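Enquirer: sequence unknown, structure follows:
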């Protein structure tokens, strides 16, 4: 994986927050070398809390996010959870003071998300994620975190021998969103507070092609959904531009008994899903039906943006409706090229890295696993938007 080195930088001269004396500094975006998306951000001198940037600076930060899709701000290990919440919320003026983007789904005892983290008591929109036991963190006496791994989610996990040989998987390619009742968040922020040795690597094998990539242990993978769209045939582009994706009610509970494909793109259809009558109470009006393509409001480019694990139906522009298994197969066909090595960036976490990603412009996935005794602690925040994304033709 390419290191974050010293490529050409793009510099935007900005005014500074009122509490900063030196006004001759600038905000810099350094594209990540060799990656199809992402940039490292250098904040103006003296600015240690990006949530406090003045309006002009913040507009440039948001524009950079929607242009580069993933931003990394190093040295943020002391960022307070309330500042992280304020930063995340500020990226979308339509969102309210609501909770985590899928709080009820995250905590339900039958959800696939139920073991993935705990909430900061005084800032519940911020989730604590990671691996291992921690004491006296954010007012909590003791917490035990569990890094999600493909062993609990994939239909055919890696063998013991493959694990011994250093292999891992993309866990689940997804959008951070309830996909029921709430609109997808615009931005997710993810902060690395306690991070193991970032030089340790693992391997992912593409089972259908035999290709392999080497990544940092438990790196976060990001998919360019602009490339996902632009690499389609002209016929497929016209089709997806007119397609509506219907998600299952309470989708994370619906899919909980099922298992995923080995690339983490969608689910294997074996009839194991939770029957609708066994789901928590739901309303037809809250079932999410979203366009398959979302248009970036800054760049005008199209993003092929579909959560393949939660898809229930595809409503095609010719009036045909693809049901569960056929919908999954079609999503997999369309999205599989988007996770080719040239279309993804896997971030190697360092202590203090704050990643901001355009949740309406990328898909992402957990990778990797930790050895006994290894620990990691991270803070994540995203907040449901007040409006659904749209396709602009």
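Expert: Perfect, I can see it now. Here the structure is a predicted model, which is why all the values come from computation and not from measurement.

Enquirer: For stretch 384-391, which residues meet the burial criterion?
Expert: 384, 385, 389, 391 (16 or more other Cβ atoms under 10 Å). C-beta coordinates here come from the backbone N, C-alpha and C atoms, glycine included.

Enquirer: Identify the residues contacting that stretch?
Expert: 92, 94-96, 98, 101-102, 177-178, 182-186, 241, 288, 290-291, 293-295, 302, 305, 360 (Cβ atoms under 8 Å, 6 or more residues apart in numbering).

Enquirer: swap in stretch 76-90?
Expert: 48-52, 58, 95, 97, 120, 122-123, 125-126, 138, 185, 187-189, 191-193, 351-354, 356, 379, 381-383.

Enquirer: redo that, cut-off 6 Å
Expert: 49-51, 120, 123, 125-126, 187, 189, 191, 193, 351-352, 354, 379, 381, 383 (Cβ atoms under 6 Å, 6 or more residues apart in numbering).

Enquirer: How far off centre is it?
Expert: Counting by Cα atoms, centre = their mean, to the nearest Å, stretch 76-90 is centred 17 Å from the centre of its parent chain.

Enquirer: Equivalent analysis for stretch 158-177, please.
Expert: In terms of Cα atoms, centre = their mean, the centre of stretch 158-177 is set 16 Å apart from its chain centre.

Enquirer: just stretch 299-306 next, same as before
Expert: Relative to the mean C-alpha coordinate of its chain, stretch 299-306 is positioned 15 Å out (Cα atoms, centre = their mean).

Enquirer: gap between the two ends of that stretch?
Expert: Terminal residues of stretch 299-306 are spaced 19 Å apart (Cα to Cα, to the nearest Å).

Enquirer: can you check stretch 28-41 too?
Expert: 6 Å.

Enquirer: do the same with stretch 175-192
Expert: Start-to-end span of stretch 175-192 (Cα to Cα) is 20 Å.

Enquirer: which other residues reach it?
Expert: Stretch 175-192 has contacts (Cβ under 6 Å, 6+ apart) with 79, 84, 88, 91-92, 101-102, 105, 247, 249-251, 286, 288, 307, 310, 349, 353-357, 359-360, 378-385, 387-388.

Enquirer: again, but for stretch 214-231
Expert: With contact meaning Cβ under 6 Å, 6+ apart, stretch 214-231 is reached by 1, 36-37, 70, 170, 198, 200-203, 301-305, 337-339, 343-348, 362-365, 367-368.

Enquirer: Out of the contacts of stretch 384-391, which sit inside strands?
Expert: Applying DSSP state E to the contacts of stretch 384-391, the entries found in strands are 290, 291, 293, 294, 295, 302.
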